[in-house]
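Visitor: below are the sequence and a predicted model; questions follow.
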Amino acid sequence: MAPAEVVGISGEPGNFSVKVRQKARYIDMAKCISCGLCAEKCPKKVPDEYNMGLAKRKSAYLSYAQAVPPKYAIDKDTCIYFKKGGKCKACEKFCPTGAVDFDQQDVDRDINVGAVILAAGFQPYDPSRYSAYNYTKLPNVITGMEFERILAAAGPFSGHMVRPSDHKEPTKIAWLQCVGSRDVNHCDHSYCSAVCCMYAIKEAIIAKEHSKVPLDAAIFFMDMRTHGKEFEKYYWRARDEQGVRFIRSRVHTIDPVPGSDDVNIRYLDEHGNLKDEIFELVILSVGMEVAPEVMALGKTLGVGLNSDQFADTSSFTPVSTSRPGVFVCGAFQGPKDIPQSVMEASAAASAASEMLSAARYSLAKKKPVFAERDVAAEEPRIGVFVCHCGVNIASVVDVEAVRDYAQTLPHVAFVENSLFACSQDTQGLIKERIKEHNLNRVVVASCTPRTHEPTFQETITEAGLNKYLFQMANIRDQGSWVHQNEPAAATHRAKDQVRMAVAAVGLQPPLQEFDLPVTKAGLVIGGGVAGMEAALGLANQGYDVALVEKKDFLGGHARKLNHTWNGEAVQPYVDDLVQRVTAHPKVQVHLNAAITGVTGFVGNFVSTIASEGRETEVPHGAAIIAIGGHSFKPTEYLYKENPRVLLSLEMDQALREKNPLVTGANSAVFIQCVGSREPERPYCSRVCCTHSVENALRLKEINPDMDVYVLYRDLRTYGLRENIYKEAREKGVIFIRYDLENKPKVKQAADGSLTVTVIDHILGIPVHLNPDVLTLASAIIVKEQEKLAQLFKVPLNNDGFFLEAHMKLRPVDFATDGVFVAGLAHYPKPMDEAIAQAKAAAARAALILALDVIRAGGVVAQVDPAACSGCQACVGVCPFGAIGFKEDEKLAEVNQALCKGCGTCAANCPSECITLFGFSHKQLYTQVDEALAELEAEMEEAAG
Amino acid sequence: MAEKEYEPKIIGFFCNWCTYAGADLAGVSRLQYPPNIRVIRVMCSGTVSPHHVLRAFQKGADGVLIGGCHIGDCHYLKGNYMTIKRMTFLQDLLKFTGFEDGRLHLEWISAAEGPKFAQVVREFTEKIKKLGPSRLKLAPKAA
Amino acid sequence: MDRLREKVRNLLKDGKVAGYLGYIMKDGHPLPHLFTPARPEEVGQAIVAPGDARYPLDKLLQQLAKGYPDATFAVQVRGCDERGLNELYKWGQLDPEKVVLVGVACPQDQADYCECPGPWPSVIDSGNKCKPVLRSQRVDRIDALAGEAAFQEWMSAFNKCVKCYGCRDICPMCFCKECALEHPDLMSTGKVPPDSIFQLVRALHMAGRCIDCGLCEENCPADIPLRVLYKKGNALVKEMFDYDTGSLTTGLSPWKFLGDESTMETKPM
């Protein structure tokens, strides 16, 4: 339903009535075939919002190439028909299916749902208000989003990196960070947008890659916030290997350079020297803000917003809004990057599922099962349907000639043209023809299989044919559309592609998909917050869960924490969580336990839990790894040598116990990045800056006159956490910056008193501090993870954290199906993020457990055991570890439940004894032969 | 007797998720390229074995173009790691046997790179046209 | 020779091995022979096969191992044979725990003929180390030829092929139950000489596997310079993947694993 907006809601969790206004797009989606003629013929050009106004689109348009649904729309606000009383109508005239409907109206609909999830996103900050940056006046001052479009291959300049004013390729580019973030002057956004440091570095690196000459990239920043997984190394590479300049300075003004399109930046460097630099392009790294429409949506839905206008959530229920039954995820919850957004999305789904689990499948329609005709004994009888696609194919390719040609091919029993092969009536016709002519295979020559293959496969299934007995010849997207000026050659190509498809489908056997049972139970390893939330997430959705904890208590490291960053008390939450877990009838807690063995695969695992001398075998369909992290114990800064030196968690303990060491202190120092962001541990531990600032505020509460110092390298209070950094400064906490080459030095006197010496970044001279208590914000590390990683066959990254399947898009999955990860074992993170990730892991695991069977097979690989010589060339090249080796028989075997059908193994076997069904060696050779069939005669001649 | 102008025959093996999709995008964008290419869709560029490539050349292909996802973006995670190992090796082996360099080409083209797809096909077709018919096709049996 | 025979005698006597696969002179021909503890007197006739009468003992050993999977065998190895064994271990065809080496170092003229960079095994029971040949001049000569000239040479060579499969049959590294060279879908049948794809597929499979024993070339009735092609394949594998075919320390063949990352660049058009 797009474009649409929510205009009202009533009811309660489990039973909402939501009023949705479906806005008119003036194009009938059922008729639109996305041919693009309306846009081609439309005379009205307007700025293209998708390309940030850098390019033009028409009033009749497709938002962007990958839009879903891929249907065109007419922009009422600019369309000539609407603005000039009924004139033009070019689109209507040319649309081949009559899809244009100027009389379409907005339609309000009431839909009945059990839960609502808000994923309303953000809008980029508009820097027009930063008058000193001259964004509106200077064409070569652009936003980060505009630069993204400039770099994009499908963008306004086809990926050529040029600047707006004269389309020259810039060789000197500056990025200004924190535009629209960490600023209460030009905008009301005191928060940090969390993503801009990384995207600026990325843009700088890509700009350098694009440039044919060495490019000078300079990033002007306050704190470099690369606190995500692998991000710190990315920052170092940009700085040390790629030569990106990082200049710690907040730029006030961008001035034009008279007589040129360049701009001048004047700034103070860290030593207080005033500098001028001319750049050819300046990019403002704009932050995220909540769009006014979204604020209005929040109001309509009765969802509370916090002071920064993001949806108000608690750290302990990060995806729940103030209105029960309405959940939130992504940038509307708070500024965040892609991995975080993806995790929250799954977490919101999990939260909604927990609420609605009783109604699972109640509205689902069962797909009818069609009897499949056994064609194994039959000779191929192929039906070929050649599509006109209106004029899209027929105007270039002689579709009748292709049809006639297809008739001459071996095993072709029937041929026919259709106007639109994908239309409903043609589907019916195809089914009829299959029956009439006893066809057992079908070829459709039309558009790309990527659009309609599933449609046709469903059609032939309904006619009783195995869905794999089908091929498409792409004679439109890779035919008529790209060879418009060579109709004869395009027709020739179409015939060849049809011949190839016919030959391939003739060799195609029916492929069986088979059902594997699913053990509807989960296994969670780790009884900390993440583990418990994951276990509850699954249990509340109705699944049995075994929760395995190494120690003799639940709660993990959360037991050592006092408050979240915005002051919520942790212990009451943990107590309540433990209580809910132990009381839950579906959760079986195993304390003092460890996993000693794992067999099986997704849906069918059996793991061995060893506890107090006994071993239990537990069958489960999915597993979640949440073994948590630990404080790194430093060997520097006198830790363990002086009782005044504490780690962050020990400071929490001291505060909790009201230890006089802390309550009676006159001076306290925090040292950040102890053990993190160093060569042995080249990552940021993400939570420590916030934790120290939060504890600094606690100390100031205890004694407002206490001297509190935070010694840091980059202060990484990202997102809305920036607000407590501001508060700390206002309350007099002093922040002193140091760098890796000049770490603070800590000495103790005979009486045990401490002296901390650090070079002050403003004064440039050493400053001696005498804290009564010194807190070291030490790194978070993972321990004892190798054995578990081996048992479940999942990888670890270089820093020892579990390595997910895809850093951005699959942040809780592993390449191995059925195993998931959450919490510190994945990467250091604060409690709200750990809870979100745990819920996300539960959602992903539940996807498997909700199935009665796992469908496997179809396009998968199979080893011919008679031909396999046990060389294992296949085993090592399966990206999913789906090939096992049977030691006793010395044979490789593909686990078809895990096989994803990539065929890398099949191409690797020197004997070709592995077949990838649907893409067998014979089928590929046959397609090659058929593609080159005309040359055979020529070559025979040449051979003489 | 007029000689038919030489039109190279090019075989393209394109992975379903990236290059084939990029080719479709080129189509949607109506970018034009020469019609000498015949496309074989595979699930992953890793599905393509050097056997398939050699067969194509043996049967008279003047050029073979393999298209896959960029490293790190493979739909099957790392299938393309094998592709580049195999094809780079094959390119050098063929060169040693006197095969004209450049007839086998590997290019990473993503689903979003419609213009790049069209450009690569244009440039490759042009290059093969200049190289002329493949030595193997013309004189499979040298004296 | 005496040192070798003494070692064999001891191996058989100690019962450490079920047999020793070496050579014996039979009617004036050096032939492979399995010396067993049951007939210790034969050891006196055990010889080192001269360079021009070598057999693929690795291949025979594989057959022995299949027939007697629990037995340990000693085998006569030159540098190349040992490279073969190392690769066969990695390809799962032989068990290193069940092989004992009886090593023979090749004489200089053999090493020069083979252009061998490693003409001695890790264990030497006969012969002395000679000077290895680090660069193959036969390969370098072809590398230096212009494309057209190289093509002519190779096509002339390939056109002499009678598809006897001698190269494959004698190769100790060819262990596939079903050989790609016999697949009718890949190789057009009924043609002699076969399409050059026959030679190219073999060369492909030999890359990273060929141990440069030279038996294929010696066996070829048409004198096709197979060794040159396979040497080049190995050189490419070394260059691209830093893989030393036949070495135990070089890890797994690049064709058998994906790797943690891929740093190769596609070649420009």
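Guide: Cool, the structure landed.

Visitor: tell me which parts of the stretch 51-200 of chain C are close to chain A?
Guide: Residues of the stretch 51-200 of chain C found near chain A (C-beta under 8 Å from any C-beta of the partner chain) are C:91-93, C:175-180, C:183, C:185-186. (C-beta placed from N, C-alpha, C; glycine too.)

Visitor: that's a helix at A:R109, yeah?
Guide: No - read with DSSP: H, G, I helix; E, B strand; the rest coil, A:R109 is strand and lies in no helix.

Visitor: so how far is chain B from it?
Guide: Distance of A:R109 to chain B, computed by C-beta to the nearest C-beta, to the nearest Å: 31 Å.

Visitor: circling back to that earlier point, out of the residues of the stretch 51-200 of chain C next to chain A, which end up buried?
Guide: Neighbour counting by 16 or more other C-beta atoms under 10 Å in any protein chain shown classes C:91-93, C:175-176, C:178-180, C:183, C:185-186 among those as buried.

Visitor: what residues does the residue of the stretch 551-700 of chain A found nearest chain C make contact with?
Guide: Among all residues of the stretch 551-700 of chain A, A:P682 sits closest to chain C, at 16.1 Å; criterion: C-beta to the nearest C-beta. A:P682 makes contact with A:232-233, A:236, A:799, according to C-beta atoms under 8 Å, 6 or more residues apart in numbering or on different chains.

Visitor: quick check, nearest of these to A:T321?
Guide: A:E232 (32.9 Å; C-beta to C-beta).

Visitor: count of neighbours near that closest one?
Guide: 23 (other C-beta atoms under 10 Å in any protein chain shown).

Visitor: A:Q104 now?
Guide: Other residues within reach of A:Q104, judged by other C-beta under 10 Å, total 16.

Visitor: okay but it is in contact with A:K23, surely?
Guide: No - A:Q104 is beyond contact range of A:K23, at 9.3 Å (criterion: C-beta atoms under 8 Å).

Visitor: and B:Y33, how far is that from A:V402?
Guide: To A:V402, B:Y33 is 20 Å away according to C-beta to C-beta, to the nearest Å.

Visitor: meant to ask about A:P256
Guide: Counting by C-beta to C-beta, the gap from A:P256 to A:V402 is 60 Å.

Visitor: these two: which is more packed in?
Guide: A:V402 (27 against 15).

Visitor: list the buried ones in the helix or strand that one falls within?
Guide: Taking DSSP states H and E as the criterion, A:V402 maps to helix A:399-407. Buried residues in helix A:399-407, counted by 16+ other C-beta under 10 Å: A:399, A:402-403, A:405-406.

Visitor: near chain C too, which of those?
Guide: Applying C-beta under 8 Å from any C-beta to the buried residues of helix A:399-407, none is adjacent to chain C.

Visitor: redo these as TSV? Include pLDDT and distance to A:V859.
Guide: Listed next are these as TSV, based on pLDDT from 0 to 100; distance: C-beta to C-beta, whole Å:
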residue	pLDDT	distance to A:V859
A:V399	96	29
A:V402	97	27
A:R403	97	29
A:Y405	96	29
A:A406	97	25
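
Visitor: which one of those is nearest to chain C?
Guide: Out of the buried residues of helix A:399-407, the member with the shortest distance to chain C (by C-beta to the nearest C-beta) is A:A406, at 23.9 Å.

Visitor: wait, the closest one touches A:V502, no?
Guide: Yes - counting by C-beta under 8 Å, A:A406 does reach A:V502; the two are 6.8 Å apart.

Visitor: quickly list the domain ranges of the chain.
Guide: Defaulting to chain A. A:24-105, A:123-289, A:382-509, A:521-623+A:784-853, A:631-781, A:858-931 (automatic domain parsing).

Visitor: my question was about chain C, not that one.
Guide: Domain assignment for chain C, taken from automatic domain parsing, gives C:2-114, C:137-251.

Visitor: reformat the ones you listed as JSON lines; add mean pLDDT.
Guide: JSON lines is the format used below for these (pLDDT from 0 to 100):
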{"stretch": "domain C:2-114", "mean pLDDT": "93"}
{"stretch": "domain C:137-251", "mean pLDDT": "94"}
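
Visitor: out of these, which is closest to A:I883?
Guide: domain C:2-114 (13.4 Å).

Visitor: quick one: that closest one to chain centroid distance?
Guide: 14 Å (C-alpha atoms, centre = their mean, to the nearest Å).

Visitor: buried stuff in the longest helix that chain C contains?
Guide: Ranked by number of residues, the top helix in chain C under DSSP state H is helix C:226-241. Along helix C:226-241, these residues count as buried under the neighbour rule (16+ other C-beta under 10 Å): C:226-237, C:240-241.

Visitor: what does stretch B:94-108 give?
Guide: Those buried within stretch B:94-108 under the rule 16+ other C-beta under 10 Å are B:94-100, B:102-108.

Visitor: what about the residue of the stretch 551-700 of chain A closest to chain C, distance to C:A38?
Guide: 64 Å.

Visitor: what's the burial count for the closest residue to A:R476 other than its chain neighbours?
Guide: Distances taken as C-beta to C-beta, 6 or more residues apart in numbering or on different chains put A:C447 closest to A:R476, at 4.4 Å, once the chain neighbours are dropped. By the criterion of other C-beta under 10 Å, A:C447 has 31 neighbours.

Visitor: contacts only, for A:C447.
Guide: So A:C447 contacts A:387, A:389, A:422, A:472, A:474, A:476-477 (C-beta under 8 Å, 6+ apart).

Visitor: top of those residues by neighbour count?
Guide: A:C387 leads the contacts of A:C447 on contacts (other C-beta under 10 Å) with 29 neighbours.

Visitor: and that residue, how far from A:A218?
Guide: Distance from A:C387 to A:A218, by C-beta to C-beta: 55 Å.

Visitor: ditto for A:E148
Guide: Applying C-beta to C-beta to A:E148 and A:A218 gives a distance of 19 Å.

Visitor: got it, and C:L248?
Guide: 51 Å.

Visitor: so these two - more neighbours on which side?
Guide: A direct count of neighbours by other C-beta under 10 Å for C:L248 and A:A218 places A:A218 higher, at 20 against 15.

Visitor: contacting residues around the closest residue to the more buried one other than its chain neighbours?
Guide: Sequence neighbours aside, A:R245 is the residue nearest to A:A218 in space, at 4.3 Å (criterion: C-beta to C-beta, 6+ apart). The contact partners of A:R245, by C-beta under 8 Å, 6+ apart, come to A:216-219.
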